[in-house]
Structures are given as C-alpha cells and as structure tokens.
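>>> no FASTA, just this:
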C-alpha cells in the first residue's frame, strides 16, 4: 500500500470550509442581523449647542473669542451634514448569514460589503487602544484587505456588539 499524498492547498482549504460548516450545524446557529443606531438626536443637540455658543462668542467677544465662535459654527455645520445623512439613509445593519457576513461600509451610508467567511480573518474588540474621539469598545472585523470598525455608540447595546463578534468567531472555528 502506498502512503497517502500530502494535502494540497485547495484540499486543505476545502477541508477547513467543511469543518467550519459542520461546526456551524452542530452549534445550531441561525442567521441574524443587528441594526445599527444613527445617533441622529446627538447630532441635533450639537447643532443647537454649537450654533448658540458660536453666535454668542462672535457677538460678544474679541478676536480670540470670535475665532473660537467660528470653529464652533464649523463644527455645527459638520453635524448638520451628519444629521442630514441620517435622514437620507438608514443607519445600516450587520447581517450574519449562512454563507458570509454583510457589513456596512459606514454609518448612514448606502454601501455594504458581503464577505464570505473564508475571507474573514479576525473579529475582536479594541478596548484600551481607542481613539479619543470614539467610545470603546470598538468592534473590529478584518476581512480580506480591509478592517471594518464599529464603535460602541453605533449599537443599541453592548450585547449586540458581543453577539456579532461571538457569532463570527464561532463560524471561524475559534470558539
């Protein structure tokens, strides 16, 4: 009898895919989606506050105060753009399906990306290394040559964030 030949790259990939599918079936997982939250009223609050304080600074203070007032009005204009974007587009949702995961490109944008599980490399949380302008934890999904980041304030609750990460890691065979 001859010894079995070593598995080629395609055979190993097919074996990993079949193993993941068997793990999904045995875990009894179903497809689900998690809707994101737009934060519309937070943007409206910043519009009103920055406009009120910015106009007050422009009206009552000197050169430095007027410069700060202009910066506040510019920040209010940025929030006007974000607020209008929440009116024009839905917040989006992350869908965990049988054959892949559908990831929104950003909050309140039209684009989504469907990624098969073979291309998803990691799903994890950034808890400490979070930019100062974002609330932690941040859900990071590395897929293909991109990293999709979803801050905590885009989700209704922490459990939604954990649910997506747990489902992806289970489907990748890491849990």
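Structure's in. What do you need? Note that the structure is predicted; figures quoted are calculated from it, not measured.

>>> Show me the helices in this structure, by range?
9-27, 40-60, 63-88, 158-171 (DSSP state H).

>>> okay, the ones you listed in CSV with mean pLDDT and distance to residue 149 next?
C-beta coordinates here come from the backbone N, C-alpha and C atoms, glycine included. Below are those laid out as CSV (pLDDT from 0 to 100; distance: least, Cβ to Cβ, whole Å):
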stretch, mean pLDDT, distance to residue 149
helix 9-27, 61, 24
helix 40-60, 93, 19
helix 63-88, 94, 17
helix 158-171, 86, 12
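
>>> Of these, flag the one that's most buried.
By mean neighbour count, with neighbours taken as mean count of other Cβ atoms under 10 Å, helix 158-171 ranks first of those at a mean of 18.

>>> Run the chain-centre distance for that one.
When distances are taken as Cα atoms, centre = their mean, to the nearest Å, helix 158-171 is centred 12 Å away from the chain's centroid.

>>> Across the sheet, point out what pairs with the residue nearest in space to the middle of the chain.
Centrality entry for the chain: nearest residue to the mean C-alpha point is residue 150, 2.4 Å, by Cα atoms, centre = their mean. Under the criterion DSSP bridges, residue 150 forms beta bridges with residue 139.

>>> who are the neighbours in contact with it?
For residue 150, the contacting residues are 36, 94, 138-141, 161, 164, by Cβ atoms under 8 Å, 6 or more residues apart in numbering.

>>> Check those and tell me the two furthest apart.
When Cβ to Cβ is used, the two most widely separated members of the contacts of residue 150 are 36 and 140, lying 15.3 Å apart.

>>> quick one, which of those two is more surrounded?
Regarding residue 36 and residue 140, a neighbour count based on other Cβ atoms under 10 Å identifies residue 36 as having more, with 20 against 15.

>>> Bridged to residue 146, which residues?
Bridge pairing for residue 146 - DSSP bridges - gives residue 143.

>>> and the gap between it and residue 127?
21 Å (Cβ to Cβ, to the nearest Å).

>>> of those two, who's got more company?
Shown here are residue 146 and residue 127; by other Cβ under 10 Å, residue 146 has more neighbours (13 against 10).

>>> the domain parsing of this protein - what is it?
For the chain, the structural domains run 31-37+91-171, 40-88, going by automatic domain parsing.

>>> from the chain's centre, how far out does the shortest one sit?
To tie it back to what came earlier, the one meant is domain 40-88. For domain 40-88, the distance from its own C-alpha centre to the chain's C-alpha centre is 26 Å (Cα atoms, centre = their mean).

>>> so which of the helices of the chain comes closest to residue 101?
Nearest to residue 101, of all those, is helix 158-171, at 6.5 Å by Cβ to Cβ.
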